[in-house]
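1. Next input, structure requested:
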Amino acid sequence: MAPNGAKFTAQALDTLIATLKNEGYTFVPISELIYKEGYHMNHEGRQIKN
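-> Numbers count the residues shown, from 1 in each chain. Sure thing, here's the model as predicted:
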């Protein structure tokens with residue numbers, strides 16, 4: 001087993017993505033999850049409302 005326990009992650013990824021899509025989930029780039037107006041990013045990478 002890989003030291004981080006991720007030995008089979010790559011093999012399971014296609015099944016995981018297909019299963020989540022079948023359940024109605026969608027995938028977007030992280031940039032779409034970041035508020036661009038009315039928020040700022042602090043030193044920990046957290047979004048803080050202005």
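
2. Could you use CA atoms for every contact and neighbour count after this?
-> OK.

3. Nearest residue to the middle of the protein?
-> residue 30 (6.7 Å; C-alpha atoms, centre = their mean).

4. Over to that one: give its phi and psi.
-> phi -60, psi -30 (degrees, to the nearest 10).

5. Any figure for the gap between it and residue 8?
-> Distance, residue 30 to residue 8, by C-alpha to C-alpha, to the nearest Å: 24 Å.

6. Which stretches in the chain count as helices?
-> 9-22 (DSSP state H).

7. Low-confidence ranges, it, go.
-> Along the chain, the model assigns pLDDT under 70 to residues 1-5.

8. Show me where it has its strands.
-> For the chain, the strands defined by DSSP state E occupy 39-41, 47-49.

9. Nearest to residue 17, out of those strands?
-> Across these, residue 17 has its closest neighbour in strand 47-49 (27.1 Å, C-alpha to C-alpha).

10. Does the closest one pack against any helices or strands, and if so which?
-> strand 39-41 (3 or more C-alpha pairs under 8 Å, 6 or more residues apart in numbering; DSSP states H and E).

11. what distance separates the strand it packs on from the centre of its chain?
-> Centroid separation for strand 39-41 versus its chain: 19 Å, with C-alpha atoms, centre = their mean, to the nearest Å.

12. And stretch 27-34, by the same measure?
-> 8 Å.

13. just stretch 32-39 next, same as before
-> The mean C-alpha position of stretch 32-39 is separated from the chain mean by 16 Å, C-alpha atoms, centre = their mean.

14. Let me see the contact set for residue 38.
-> For residue 38, the contacting residues are 49, 50, by C-alpha atoms under 8 Å, 6 or more residues apart in numbering.

15. which one of the strands of the chain has the most crowded surroundings?
-> strand 39-41 (a mean of 14; mean count of other C-alpha atoms under 10 Å).

16. From the rest of the structure, what touches that one?
-> Here strand 39-41 has contacts from 47, 48, 49, 50, using C-alpha under 8 Å, 6+ apart.
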